[in-house]
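A.B. asks: just a sequence and a predicted model for now, questions to come.
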Amino acid sequence: MNKHHESTGRAGEQQQITLRGPAELADALPYLMGFYPNDSVVMVALHGSRGRFGGRLRLGIPQAPGEWGPVADQLAECLVSGSERREGRPDAIVIFLCQDSPDGSGGRLAMERLRPFAQRLRTACGALDVPVLEALCISDGRYWSYCCPDTRCCPDQGNPLAMPGTTVMAAAAAYAGVHVRGTLRDMEARLQPWRTPAAVTAQEEALDRAGPALIPRLLDERAKGAVAAETLRLARTLMDRIEETQPAPPALSDAGDDQLIGSDEAAAVILGLQDRETRDKAAAWMEGAEAQAALRLWRTLARRCVGPYGEHAAAPLTLAGWVSWSTGDEPGARVALALALRADPDYTFAQLLHRACNEGLDPEALRRCLREAADEGASPDARAVEAVTDPAADRGATSLRVRRVRPLPDGGRRRGRAHRRPGAERVKASPGSPRPWTSAAGRRSREARRYGRRGTRARR
């Protein structure tokens, strides 16, 4: 197998690490991604005769085998075309399939189950004339190679992963200040809606109360400016409240932030951020001390988008992704933006940021755009934002085209969307007490989430 090289460290003082064989590739994966990618397929482009690492791409493994073919074709096309735009066509690709067994009994069954997916990925890359040099399955602390038939180095029971922190890659990453943020599951948990029934009910009721008062004002061109000012003023108050608390480990920090913000306060800001111009003004809180306070606020609000309000999380999740990217936390940005697109696949700002982050663009251009708008007291022009986040915009393209994989059986429906018959009212858990909104008000809510612009083509 060819050797592969990864550069670590800051520009001007980078060191080159040579990875030899499947064992060191498997160990390097969390350092390449910034986290341990649970239940994920990861593809990494290789360039040159020495196999220098290039672009990388991650997606959750589809549960239904019927999805594997279309997903494999799109992943291969996305990685190759994205690499061509950035640093040239890749010379080869490395594939990782990461999925633990359901009961922790052993990864061999998971490896065998995913073997057809690995083969389909290899075929898809080969159809684009880019060979797959290695395809690894990582499961239950062991790894298997789908490419090596030699049982002397790749036995049926797999090989154990190296102990964390004991390898050359771990030492180089520590020297360069590269940190692994834990598992993908842990990172997503900080951004996902509450699940405690009492807390979910209280927050949902607060959102139901705020809706009838705010939605008509958001749809009124004369009143929406006042709503924006109120939303930003309240968000700033909550940020100041958060900033006054002492730093704590992530789990304690999240729990403390949840206690600092009332349900009615969260509901008002969540609904106010559904207006595009308000959200764009809030995006200017991206630097210095206020960036961390803003990030904690956006995470807190994303966790409050419970029940049928799951789609509303796209706004705070996109803001969390933007602040993370702006402050240098690319792994955190990718996770937040991916969740934003899971909440609302048509959310244009999340699409633009996710693409720009994945393609390694410098966020400074967008920061400059937001600074200038903030200095003028205006909202940044949507075309200006698209121009600095979409590389195709500078080449005369008129719009961003984003292809989406077909919905999966467990994730195709937008999370948190209540299912009810057309025209039926939503009903509270307690019998005999109707919700304040009828289905007509629900339609007003959906219109407001289009940022108050009736007849607009797409949500931004």
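C.D. replies: Sure thing, it's come through.

A.B. asks: can you check the pLDDT for the residue nearest to Arg181 when sequence neighbours are not counted?
C.D. replies: Setting aside the residues directly before and after it, Arg181 is nearest to Phe35 in space (Cβ to Cβ, 6 or more residues apart in numbering), at 4.6 Å. Just so you know, the C-beta spots here come from the backbone N, C-alpha and C atoms, and that holds for glycine as well. Turning to Phe35, the model gives it a pLDDT of 87.

A.B. asks: contacting residues around Phe35?
C.D. replies: Contacts for Phe35 were tallied using Cβ atoms under 8 Å, 6 or more residues apart in numbering; they are 180-184, 186-187, 331, 335.

A.B. asks: make it 6 Å
C.D. replies: Going by Cβ atoms under 6 Å, 6 or more residues apart in numbering, Phe35 touches 181, 184, 187, 331.

A.B. asks: shaky segments in the protein?
C.D. replies: Low-confidence segments of the chain (pLDDT under 70): 1-20, 104, 163-179, 375-460.

A.B. asks: and with 50 instead?
C.D. replies: For the chain, the stretches with pLDDT under 50 are 1-14, 393-459.

A.B. asks: quick test: name the residue nearest the centre of it.
C.D. replies: Of all residues in the chain, the one closest to the mean position by Cα atoms, centre = their mean is Ala338, 2.4 Å from it.

A.B. asks: grab the nearest non-local neighbour of that one.
C.D. replies: Using Cβ to Cβ, 6+ apart and skipping the chain neighbours, the partner closest in space to Ala338 is His354 (6.8 Å).

A.B. asks: does that neighbour touch Leu337 like I think?
C.D. replies: Yes: the pair formed by His354 and Leu337 meets the contact definition of Cβ atoms under 6 Å, at 4.1 Å.

A.B. asks: neighbours around Ala291, how many?
C.D. replies: Other residues near Ala291 number 17, with proximity taken as other Cβ atoms under 10 Å.

A.B. asks: do you know how far the residue nearest to Ser139 when sequence neighbours are not counted is from Leu114?
C.D. replies: Leaving aside its chain neighbours, Ser139 sits nearest to Gly107 (2.8 Å; criterion: Cβ to Cβ, 6+ apart). Here the distance between Gly107 and Leu114 works out to 10 Å (Cβ to Cβ, to the nearest Å).

A.B. asks: joint contacts of those two?
C.D. replies: With contacts defined as Cβ under 6 Å, 6+ apart, no residue is adjacent to both Gly107 and Leu114.

A.B. asks: picking up where we left off before, ok, so what distance separates the residue nearest to the centre of the chain from Asp258?
C.D. replies: In this view, Ala338 and Asp258 are 23 Å apart by Cβ to Cβ.

A.B. asks: most neighbours out of the contacts of Phe35, which is it?
C.D. replies: With neighbours taken as other Cβ under 10 Å, the top of the contacts of Phe35 is Leu184, carrying 24 neighbours.

A.B. asks: you'd agree that one is up against Met33?
C.D. replies: No: counting by Cβ under 6 Å, Leu184 does not reach Met33; the two are 8.2 Å apart.

A.B. asks: packing partners for the helix or strand harbouring Cys125?
C.D. replies: Secondary-structure assignment from DSSP states H and E places Cys125 in helix 108-127. Helix 108-127 is packed against helix 68-86, strand 92-98, strand 132-139, with contacts defined by 3 or more Cβ pairs under 6 Å, 6 or more residues apart in numbering; DSSP states H and E.

A.B. asks: so how far is Ser40 from Ser326?
C.D. replies: Plainly put, Ser326 is 25 Å away from Ser40 if you go by Cβ to Cβ.

A.B. asks: of the two, which one has the most company?
C.D. replies: More crowded of Ser326 and Ser40, by other Cβ under 10 Å: Ser326, with 22 against 19.

A.B. asks: quick one: contacts for that one?
C.D. replies: If you count contacts by Cβ under 6 Å, 6+ apart, Ser326 has them with 286, 363, 367.

A.B. asks: follow-up on the earlier one: ok now the helix or strand encompassing the residue nearest to the centre of the chain, how far from the chain's centre?
C.D. replies: Assigned by DSSP H and E, Ala338 belongs to helix 330-343. Averaging C-alpha positions (Cα atoms, centre = their mean, to the nearest Å) puts helix 330-343 1 Å from its chain's average.

A.B. asks: just stretch 41-61 next, same as before
C.D. replies: Stretch 41-61 has its average C-alpha position 18 Å from the chain's average C-alpha position, going by Cα atoms, centre = their mean.

A.B. asks: change the start of the numbering to 23 and stick with it
C.D. replies: OK, 23 is where the count begins now, so the last one is stretch 63-83.

A.B. asks: buried set for that stretch?
C.D. replies: 63-69, 73-83 (16 or more other Cβ atoms under 10 Å).
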